[in-house]
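Asks: here you go, sequence then predicted model.
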Amino acid sequence: MDPIEALTEIAELLERDRASRYKSKAFRAAAESLAGLSPAERADVSRLRARKGIGASTFAVISEALSGRVPTYLADLRERVAPTEVSALRPLLRGDLHAHSEWSDGLTSIESMVDAARSLGHDYLALTDHSPRLRVARGLSAERLREQLALIPDFCDETFTLLSGIEVDILDDGSLDQEDDLLESLDIVVASAHSALRMEQAPMTRRLVAAASDPRVDVLGHVTGRLVSGARGTRPPSVFDARAVFEACAEHGTALEINSRPEREDPPDDLLALAIEIGCLFSIDSDAHAPGQLSLLDHGAARAERAGVPADRVITTWPLERLREWASTS
């Protein structure tokens with residue numbers, strides 16, 4: 001087995017499992033270290049252990065791969081972590097409108113995220129790094145976002161499109177955390193609340209209704225902000241008038257995100273049912289912060305299918321031309 005492929009697959013499976021980012025980084029660093037060697041140098045196992053970026057665990061994987069075996073570490077992860085949720089909706093998804101790179105709090109480069117999206121068969125991916133107020137996530141200032149936007153065309157060709165975007169923070173009064181002209185220039189704007197999540201019901205409702213009604217917003221992200229499991233612990237959902245928020249989404253053509261991260265399961269089942277009843281559009285997104293997390297779309301698709309979300313109301317099943325037309329008019 002090719003050792004670089006083995007190391008990369010391990011990193012992706014660790015990312016899908018939401019393991020410590022330091023673990024997947026170690027395997028990606030080892031893969032990068034090998035990539036700089038000739039085939040003959042890679043085969044010289046005796047010298048690899050001393051090479052920078054290769055530790056005991058990664059060396060074991062490399063040695064097993066070079067001997068012609070599937071590394072034990074990889075075999076165990078495949079059995080435990082590989083995608084298992086099957087739904088009729090998942091093959092219909094053409095892309096993903098919520099993903100992060102190392103420009104904010106993502107783990108890897110834009111290129112690595114694009115490569116992973118391509119390998120999953122995506123037609124498009126929206127790059128939605130965070131906005132300035134989220135300093136803990138290295139949110140992008142207007143200047144940094146403009147620098148990033150200049151790179152977007154480099155990742156597009158006739159078979160794949162990287163959409164410009166942002167996950168913009170919804171401020172306490174419902175306004176958006178980025179310059180107006182920038183928001184208007186982006187292909188996709190995902191608006192999410194990341195702070196003051198325990199706000200009283202009335203002001204939280206006004207805050208989310210304002211975002212859902214904003215003509216620059218395409219997708220309302222992880223609407224309740226809840227966490228049901230994971231390394232960050234649990235967090236209860238924000239309290240708001242869901243009917244008022246979802247009616248605003250339906251009226252203004254704003255899609256409600258079905259966040260695919262298992263630790264979120266947002267929106268909860270009862271709110272998902274209400275949004276279907278009201279007539280909302282939906283966007284099944286990975287909220288990926290690493291390449292391996294892009295495959296989490298299978299969780300979101302399975303939840304949507306169980307809830308009875310009509311496939312044609314999922315905007316990420318739409319072809320790019322229809323998606324662009326919707327985003328420009330919603």
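Replies: Done, it's in. Numbers count the residues shown, from 1 in each chain.
Asks: wait, residue 29 touches residue 36, no?
Replies: No: using CB atoms under 8 Å, residue 29 makes no contact with residue 36, being 11.5 Å away. From N, CA and C alone the C-beta is placed, and that goes for glycine too.
Asks: between the two, who's got more neighbours?
Replies: Between residue 29 and residue 36, counted using other CB atoms under 10 Å, the more crowded position is residue 29 (17 against 10).
Asks: which helices and strands sit right next to the helix or strand residue 13 falls within?
Replies: Per DSSP states H and E, residue 13 falls inside helix 3-16. Using 3 or more CB pairs under 8 Å, 6 or more residues apart in numbering; DSSP states H and E, the elements in contact with helix 3-16 are helix 21-35, helix 56-66, helix 72-81.
Asks: quick one, what contacts residue 177?
Replies: With contact taken as CB atoms under 8 Å, 6 or more residues apart in numbering, residue 177 is in contact with 131-134, 139, 168-171.
Asks: hang on, I meant residue 288
Replies: 96, 98-100, 106, 113, 294, 296 are the contacts of residue 288 under CB under 8 Å, 6+ apart.
Asks: now swap in residue 301 and tell me
Replies: 85, 87, 89-90, 93, 260, 284.
Asks: again, only using 10 Å
Replies: Contacts for residue 301 (CB atoms under 10 Å, 6 or more residues apart in numbering) come out as 85-93, 258, 260, 284, 309, 311, 314, 316-317.
Asks: now residue 113
Replies: 96, 99-102, 106-107, 125, 127, 155, 162, 288-291, 293-294.
Asks: per-residue confidence averaged over the helix holding residue 13?
Replies: For helix 3-16, mean pLDDT rounds to 96.
Asks: do stretch 294-304 as well
Replies: Rounded mean pLDDT across stretch 294-304 is 97.
Asks: again, but for stretch 206-226
Replies: For stretch 206-226, the per-residue pLDDT averages 98.
Asks: for stretch 244-260, buried residues please.
Replies: For stretch 244-260, the buried set under the neighbour-count rule, 16 or more other CB atoms under 10 Å, comprises 245-250, 253-260.
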